[in-house]
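>>> here is my input; please provide its structure:
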Amino acid sequence: MTIDLKDNERIDDLQRNGYQIIQNRDGFCFGMDAVLLSGFALVKPGEKAVDLGTGTGIIPLLLEAKNQGLHYTGLEIQEAMAEMARRSVALNHLEEKISIVTGDIKEASRLFGAASFDVVTSNPPYMNDSHGLKNPELPKAIARHEVLCTLHDVTREAAKLLRPGGRFYMVHRPHRLVEIITALKSYGLEPKRMKMVHPYVDREANMVLIEAVRGGKSMIKVEAPVIVYKEPGVYTDEIYTIYGY
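Predicted coordinates for the structure are as follows:
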């Protein structure tokens, strides 16, 4: 299928099912956090999943490649990004399995309806106003900083979107872990699994993966950590497995 590329766009191979993705060299491109989240999340046969703040559509694409879910939706507030994600869906002939919707995370439950998904995923902006410098380029700033939505917006809408017993998967930064768990529990999302991600075996964690269940009982399993690199430029075997090499 021929897909028109715009200025500064490229097509990248996702190394899964022959899937490809369109990205803008000057825009926000997906990173290791999205790949790790797609490996941590589970969408069971017959389930419907939505990704909040989907950006390029990377998480729905990888989830569809790795799982047997019924349907995947990506919600993205930036129309230019959403349109690019739609072209990636079309590039992979996945229009029947993946929908990209333009809309605001803060309005997600109104857009889709309460208790309408079995799984919600999100790779939300990590930095609040007190952490980090905002990128002067707005699309990147929206992706990295809480410009248009906060952690509480994401967790609140995830809770509303999930059916009872539904699962929320998120990747975030460890320095906000107390705030994350407090936010989850305040909206009835009980943390059930957690996995720290370390760039090297002797470095402190720089990401955390969390699964929470709507209305779940209080008990969390802290899983073995993920180590990303054996040495500079060389991934660990686990990372290659997650990528699908």
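>>> drop to CA atoms for contacts and neighbour counts, all remaining ones
Noted.
>>> so residue 211 belongs to a strand, correct?
Yes - per DSSP: H, G, I helix; E, B strand; the rest coil, residue 211 lies within a strand segment.
>>> how close does it get to residue 105?
19 Å (CA to CA, to the nearest Å).
>>> where do the helices sit along this structure?
32-40, 58-66, 79-91, 108-112, 138-144, 151-161, 177-186, 237-243 (DSSP state H).
>>> between those, which gets nearest to residue 216?
Evaluated with CA to CA, the helices of the chain place helix 177-186 nearest to residue 216, the distance being 10.0 Å.
>>> which elements pack onto that closest one?
helix 151-161, strand 189-198 (3 or more CA pairs under 8 Å, 6 or more residues apart in numbering; DSSP states H and E).
>>> possible to save these as a markdown table with distance to residue 96 and mean neighbour count?
Supplementary listing: the helices and strands packed on helix 177-186 in a markdown table, determined by distance: least, CA to CA, whole Å; neighbours: other CA atoms under 10 Å:
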| stretch | distance to residue 96 | mean neighbour count |
| --- | --- | --- |
| helix 151-161 | 21 | 23 |
| strand 189-198 | 30 | 22 |
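>>> how confident was the prediction at residue 141?
On the pLDDT scale, residue 141 is placed at 46.
>>> what does residue 28 give?
The predicted local confidence for residue 28 is 78.
>>> who's in contact with residue 227?
Residues near residue 227 by CA atoms under 8 Å, 6 or more residues apart in numbering: 197-201, 236, 238-239.
>>> buried subset of those residues?
For the contacts of residue 227, a neighbour count by 16 or more other CA atoms under 10 Å gives the buried set as 197-200, 239.
>>> can you get me a residue count around residue 226?
21 (other CA atoms under 10 Å).
>>> shaky segments in the protein?
Judged by pLDDT under 70, the chain has its weakly predicted residues at 1-2, 126-148, 245.
>>> please repeat the previous calculation with a cut-off of 80.
1-4, 28, 125-148, 243-245 (pLDDT under 80).
>>> so what's residue 121 bridging to?
residue 51, residue 169 (DSSP bridges).
>>> pretty sure it is touching residue 166, no?
No - applying CA atoms under 8 Å as the test, residue 121 and residue 166 come out as separate, 11.1 Å apart.
>>> out of the two, which sits in the more crowded spot?
Between residue 121 and residue 166, counted using other CA under 10 Å, the more crowded position is residue 121 (27 against 23).
>>> tell me the spacing between that one and residue 53.
Distance from residue 121 to residue 53, by CA to CA: 9 Å.
>>> then residue 87?
Separation of residue 87 from residue 53 (CA to CA): 17 Å.
>>> okay, the two: which has more neighbours?
The neighbour comparison of residue 87 against residue 53 (other CA under 10 Å) goes to residue 53, with 27 against 20.
>>> ok, that one - contacts?
Contacts for residue 53 were tallied using CA under 8 Å, 6+ apart; they are 74-77, 105, 122-124.
>>> any idea how far it lies from residue 194?
21 Å.
>>> same check on residue 180?
12 Å.
>>> also residue 38?
The spacing between residue 38 and residue 194, counted by CA to CA, is 14 Å.
>>> how about residue 232?
26 Å.
>>> just residue 214 next, same as before
Residue 214 is 16 Å from residue 194, by CA to CA.
>>> over to residue 49?
Taking CA to CA, one finds residue 49 at 20 Å from residue 194.
>>> give me the phi and psi for residue 216.
Residue 216 adopts backbone torsions of phi -70, psi 160, taken as degrees, to the nearest 10.
>>> could you list every residue that touches it?
Applying CA under 8 Å, 6+ apart, the residues near residue 216 are 165, 189-192.
>>> circling back: ok, so of the buried ones among the contacts of residue 227, who is nearest residue 155?
Distances from residue 155 to the buried ones among the contacts of residue 227, taken by CA to CA, are shortest for residue 197, at 21.1 Å.
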